[in-house]
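Trainee: This is a predicted model, with the sequence first.
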Amino acid sequence: NYTVGGTAQMNSDYSYLPGQAHLQAGQDTVYIPIEGWQDGFYDPDETITITLTNSCGVVYDTITLFIREMVPVDVEIKGDSAICKGGNVRLEPVFKSGTGPYSYYWTPAQLVDKVLIDSPDKGTGYTLVVLDETSGCADTATFWVDVFDIQADAGDDVELCPGKGIQLKAQAWGGKEQYRYFWTPAEGLSETNVANPLAFPGKTTTYTVSVVDAIGCLARDSVTVVMSDLSVTTTGDASICKGGFTELTATPSGGVEPYTYSWQPAAGLANPSTYRTAATPDTTTQYIITVRDITGCTISDTLTVTVQ
């Protein structure tokens with residue numbers, strides 16, 4: 001026979017013990033199975049005392065067992081769930097329960113430090129396995145990190161006619177929306193913090209757009225607005241006798257070839273659509289030559305043919 005005592009409660013902290021064990025003939029050892037139970041409450045160390053007696057109440061031996069409730073490990077990971085490409089992510093465990101000290105193992109980084117610092121080049125899922133060295137209990141936590149590779153495009157360089165304006169068109173992709181736009185320099189722009197401002201530069205200007213996404217990732221690109229340098233020179237004023245003629249010539253430069261020509265008025269001209277034409281006006285006439293390049297920019301000049 002045996003009696004059971006101690007601070008632990010049978011059927012609450014451990015399984016039922018019947019109070020008797022039987023030795024078979026020739027045996028001097030008997031096994032009493034005891035199963036510890038989790039009762040849902042954390043208790044300090046408790047004891048189970050088993051006292052062996054005979055039928056006359058003589059005590060043969062007393063043994064004391066200790067029930068130590070191990071606190072389960074419950075761990076989470078905290079850190080940045082989104083980073084810019086080329087940046088670092090810092091992850092570390094947060095314990096909701098456990099005793100410690102702990103051992104750590106991170107994958108796929110293959111690190112055994114408490115804090116993980118990594119620089120992934122694409123979205124990556126991290127797994128942390130924590131072992132409580134006191135209790136032997138372990139827990140696993142996972143954490144996903146998005147990696148954003150923001151790109152910006154300010155558009156192609158463009159030629160602009162003097163006195164004209166153009167709408168700049170910036171695009172961004174690869175970052176975490178929403179995007180914010182910042183243009184420099186501000187001179188000649190209708191706005192500096194929109195994707196598509198109007199530009200009236202007045203001179204050749206290179207504009208740079210900086211795009212920032214929702215987590216602070218930055219990308220830049222530039223576009224040059226080239227102010228057209230289209231110009232034209234002519235043979236200048238001329239004098240002719242009545243019934244005579246003179247040759248009018250326009251020589252353009254700058255801009256983007258090919259050019260088209262228009263002489264006005266057309267009266268008295270052999271061909272008003274070429275750079276060189278014969279003029280036979282009946283009276284003194286002022287001619288206007290307009291040159292247009294392929295981009296649509298125009299330049300004009302005047303000359304007078306005096307009929308004597």
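Mentor: Done, it's in. Computed from a predicted structure; not experimentally measured.
Trainee: Could you report the neighbour count for V305?
Mentor: 21 (other C-beta atoms under 10 Å). Glycine gets a C-beta too; all of them are placed from N, C-alpha and C.
Trainee: and it, what are its bridge partners?
Mentor: Taking DSSP bridges, one obtains A238, T285 as the residues bridged to V305.
Trainee: Could you verify my assumption that it touches T246?
Mentor: Yes - if you go by C-beta atoms under 8 Å, V305 and T246 touch, sitting 6.0 Å apart.
Trainee: between these two, what contacts are shared?
Mentor: 238, 240, 279 (C-beta atoms under 8 Å, 6 or more residues apart in numbering).
Trainee: any low-confidence regions in the chain?
Mentor: Scanning the chain for pLDDT under 70 picks out the ranges 23, 39-42.
Trainee: counting contacts, what elements does the helix or strand hosting T277 pack onto?
Mentor: If you go by DSSP states H and E, T277 is part of strand 276-279. In terms of contacts (3 or more C-beta pairs under 8 Å, 6 or more residues apart in numbering; DSSP states H and E), strand 276-279 is packed against strand 246-253.
Trainee: hey, C-alpha coordinates of the strand it packs on in PDB?
Mentor: C-alpha atoms of strand 246-253 as PDB (Å, rounded to 0.1, in the frame of the first residue of the first chain):
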ATOM      1  CA  THR A 246      14.900  90.000-108.200                       C
ATOM      2  CA  GLU A 247      15.700  86.700-106.500                       C
ATOM      3  CA  LEU A 248      14.500  86.300-102.900                       C
ATOM      4  CA  THR A 249      16.300  83.800-100.700                       C
ATOM      5  CA  ALA A 250      15.600  82.500 -97.200                       C
ATOM      6  CA  THR A 251      18.200  80.500 -95.300                       C
ATOM      7  CA  PRO A 252      17.000  78.800 -92.100                       C
ATOM      8  CA  SER A 253      19.200  77.400 -89.300                       C
END
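Trainee: what sits up against that strand?
Mentor: 229-235, 238, 240, 259, 261, 263, 269, 275-279, 287, 289, 291, 293, 299, 301, 303, 305.
Trainee: Check the burial of P281 by counting its neighbours.
Mentor: The number of residues near P281, taken as other C-beta under 10 Å, comes to 21.
Trainee: Can you name the residues that contact it?
Mentor: Applying C-beta under 8 Å, 6+ apart, the residues contacting P281 are 267-268, 305, 307.
Trainee: hmm, back to that, need the buried ones from the contacts of strand 246-253 selected in ChimeraX.
Mentor: Of the contacts of strand 246-253, the buried ones can be selected in ChimeraX as follows, counting by 16 or more other C-beta atoms under 10 Å:
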select :230,232,234,238,240,259,261,263,269,275,277,279,287,289,291,293,299,301,303,305
